[in-house]
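In: How does the following fold in three dimensions:
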Amino acid sequence: MPNMTKNNLRKIREELLISKAELARKAGISSLTIDRVENGYDCRVDTKRKIIQALGLKLSEKDKVFKG
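Out: Next comes the predicted model:
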């Protein structure tokens, strides 16, 4: 069973009107990774950092996207 974590990525991405593909391109990761993270699969800290920065947030705002 994979680690599942609650996050607000889909909600924030949709509020910013950014597609999965656009966020993936900005973050330098695959659309599949964005999809997995939005569905609650855990990811590496480095991936979280890339996503947070691609959303235009500061790393100190990580809890807005990723709980805990």
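
In: mind exporting the helix or strand that contains Thr33 as PDB, just the C-alpha atoms?
Out: Thr33 belongs to helix 31-38 when assigned by DSSP states H and E. Presented in PDB, the C-alpha positions along helix 31-38 are these (Å, rounded to 0.1, in the frame of the first residue of the first chain):
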ATOM      1  CA  SER A  31       2.300  15.600 -15.600                       C
ATOM      2  CA  LEU A  32       2.000  12.000 -14.300                       C
ATOM      3  CA  THR A  33       3.800  13.100 -11.100                       C
ATOM      4  CA  ILE A  34       1.400  16.000 -10.700                       C
ATOM      5  CA  ASP A  35      -1.500  13.700 -11.200                       C
ATOM      6  CA  ARG A  36      -0.100  11.200  -8.600                       C
ATOM      7  CA  VAL A  37       0.500  14.000  -6.000                       C
ATOM      8  CA  GLU A  38      -3.000  15.400  -6.500                       C
END
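
In: Report the mean confidence score over that helix.
Out: Averaging pLDDT along helix 31-38 yields 97.

In: residues in contact with the helix ranked longest in the chain?
Out: Secondary structure of the chain per DSSP state H: the longest helix is helix 45-54. Helix 45-54 is contacted by residues 9, 23, 26-29, 33-34, 37, 58-59, 61-62, 65-66 when judged by C-beta atoms under 8 Å, 6 or more residues apart in numbering. No exception for glycine: its C-beta is placed from N, CA and C like everyone else's.

In: returning to what we had before: same for the helix holding Thr33, what does it pack against?
Out: helix 9-15, helix 20-27, helix 45-54 (3 or more C-beta pairs under 8 Å, 6 or more residues apart in numbering; DSSP states H and E).

In: Can I get those in TSV including mean neighbour count, mean pLDDT and distance to Asn3?
Out: As requested, these are exported to TSV (neighbours: other C-beta atoms under 10 Å; pLDDT from 0 to 100; distance: least, C-beta to C-beta, whole Å):
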stretch	mean neighbour count	mean pLDDT	distance to Asn3
helix 9-15	15	97	15
helix 20-27	17	98	20
helix 45-54	17	98	13
